[in-house]
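>>> next one to model:
(2 chains)
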Amino acid sequence: MIYFQLFISFFKIGLFGFGGGLAILSLIQMEVEQNGWMTQQEFVDIVAVSQVTPGPIGINCATYVGYTAAGFWGSVLATSAIILPSLIIMLTICKAYFWLNRRFHDNLYFSQTLRMLRFTVIGLIAAAALLLIKPTTFIDPVSWIIFAAVAFFTVLPQWLNGKINDRMVLGKMVNALSHPILLIILSGIAGYCIYME
Amino acid sequence: MFFQLFCTYLKIGTFTLGGGYAMLPLIQREVVDRKGWIDEEEFLNMIALAQAAPGLIAVNSAIFIGWRVGGWRGVAGAVLGAVLPSFLIILAIAMVFSEWKELPAVEAVFKGIRPAVVALIAAPLVKMAKTATNHQSPLPLLWSLAAALLIWLGGVNPVWIILATIIGTTASVWLSAKLR
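Sure, this is the predicted structure:
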């Protein structure tokens, strides 16, 4: 029964997962929580692990959730289930590629829907972040300082864009510091120093 | 062909950190510049399609390129190559993590990482909002806000929000065509 449930959940995530990794997070979160496969904390932890390991976040989450819910075969099943809708849809698109390519661009239904989905995706990602602001993830004021610092360094290169030269030492430093992997490692070190007794 | 695509995607899958979007430049270098399997223009079309279709962008692109280059075998090779590295790495982590996470040191590290992850999810929103509006009316951002609130406070499943977007936009395009 758990296998069936895993399959349905991850098939749904693959089918409705528009907009790539981050947008898929809120879908995964909803399924995982409703089925009680993971706590909120575990979910954040696996997102963190996903950020520092190679590969698409969706695959990482599917594999991890599948394993914790139903062992090895659970992880195989969940990972296959999240890919299956892509296979069906993309192969259909490939077969109709030349036909599609002609009408694709000037079809108003299609282009407008895609445009609106971009705004939906923004909402989904915002929801994924908002859902994670809980006492379990933000345990004290230090958490908020880490949050603010990471957000600051992530947005900084965009904000500075054009204002300072990329080839200058300062520009290079800012770009290096804004890398998600480095930010996660630094936050981990900060966590160790602050919370380890 | 199966083997070649498998190896190429295995390499891409093993060495890209940060998900699907980070893979695209690597895919371009391998598939377009080095192997010449498809040309630049088709690659750009492929990105548009891989993003428009639901599912993971990395997987979608593997399916497209696999199909164009080697048919069914190509698809099997590319998808397996793209998925296998992250599957195996996460499986290994999942096997040990349930024991490790009880360790005080690991718990302390993750206490620091958790708020950082939330920031990493939220921060790209600024740029995405800018790109999506692209000097046009920022009014549709109200829909983004509504979607976020419905999911966050209302507990609405995102699937319904996505379906509402598709149906609503289709209906409004149809209506405005009728009225004209």
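
>>> any idea how far residue A:27 is from residue A:11?
For residue A:11, the distance to residue A:27 (Cβ to Cβ, to the nearest Å) stands at 12 Å. All C-beta spots, glycine's among them, are computed from the backbone N, C-alpha and C.

>>> domains of chain B?
B:2-100, B:136-179 (automatic domain parsing).

>>> could you export the ones you listed to JSON lines, including columns for mean neighbour count?
What follows is the domains of chain B, written out as JSON lines (neighbours: other Cβ atoms under 10 Å in any protein chain shown):
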{"stretch": "domain B:2-100", "mean neighbour count": "20"}
{"stretch": "domain B:136-179", "mean neighbour count": "16"}
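
>>> could you dump those into TSV with mean pLDDT and distance to residue A:183 added?
Below are those laid out as TSV (pLDDT from 0 to 100; distance: least, Cβ to Cβ, whole Å):
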stretch	mean pLDDT	distance to residue A:183
domain B:2-100	85	11
domain B:136-179	91	23
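
>>> any chance of those in a markdown table, with distance to residue A:15 too?
Output for these, formatted as a markdown table (distance: least, Cβ to Cβ, whole Å):
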| stretch | distance to residue A:15 |
| --- | --- |
| domain B:2-100 | 6 |
| domain B:136-179 | 8 |
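
>>> now distance to chain A too, for the ones you listed, in TSV please.
TSV is the format used below for the domains of chain B (distance: least, Cβ to the nearest Cβ, whole Å):
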stretch	distance to chain A
domain B:2-100	2
domain B:136-179	3
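
>>> tell me which of those domains lies nearest to residue A:124.
Of all the domains of chain B, domain B:136-179 sits nearest to residue A:124, with 5.4 Å by Cβ to Cβ.

>>> hang on, the earlier thing: residue A:11 and residue A:27: which is more packed in?
The neighbour comparison of residue A:11 against residue A:27 (other Cβ atoms under 10 Å in any protein chain shown) goes to residue A:27, with 29 against 17.

>>> domain parsing for chain A?
Using automatic domain parsing, chain A is parsed into the domains A:1-130, A:138-197.

>>> now the end-to-end length of the longest one.
The separation between the terminal residues of domain A:1-130, taken as Cα to Cα, to the nearest Å, is 32 Å.

>>> where do the helices sit along chain A?
Counting by DSSP state H, one finds helices in chain A at the ranges A:2-16, A:21-34, A:40-52, A:57-95, A:97-104, A:108-132, A:141-160, A:169-177, A:180-195.

>>> can you check which of those helices gets nearest to chain B?
Ranking the helices of chain A by distance to chain B, with Cβ to the nearest Cβ as the measure, places helix A:180-195 first at 1.8 Å.

>>> wait, what's in contact with the spatially most central residue of chain A?
Per Cα atoms, centre = their mean, the C-alpha nearest to the average position across chain A is that of residue A:22, at 2.9 Å. Going by Cβ atoms under 8 Å, 6 or more residues apart in numbering or on different chains, residue A:22 touches A:57, A:125, A:128, B:19, B:121, B:124.

>>> same thing but at 7 Å, please
Residues in contact with residue A:22 (Cβ atoms under 7 Å, 6 or more residues apart in numbering or on different chains) are A:125, A:128, B:121, B:124.

>>> do the same with residue A:177
Taking Cβ under 7 Å, 6+ apart as the criterion, residue A:177 is in contact with residue A:153.

>>> rewinding a little: of the contacts of residue A:22, buried ones?
A:125, A:128, B:121, B:124 (16 or more other Cβ atoms under 10 Å in any protein chain shown).

>>> closest one to residue B:174 out of those, please.
Closest to residue B:174, out of all of the buried ones among the contacts of residue A:22 and judged by Cβ to Cβ, is residue A:125, at 28.6 Å.

>>> which residues touch the closest one?
A:22, A:23, B:121, B:125.

>>> gap between the closest residue to it other than its chain neighbours and residue B:125?
Among residues not flanking residue A:125 along the chain, residue A:22 sits closest, at 4.9 Å (Cβ to Cβ, 6 or more residues apart in numbering or on different chains). Separation of residue A:22 from residue B:125 (Cβ to Cβ): 9 Å.

>>> what does residue A:31 give?
Residue A:31 sits 22 Å away from residue B:125, going by Cβ to Cβ.
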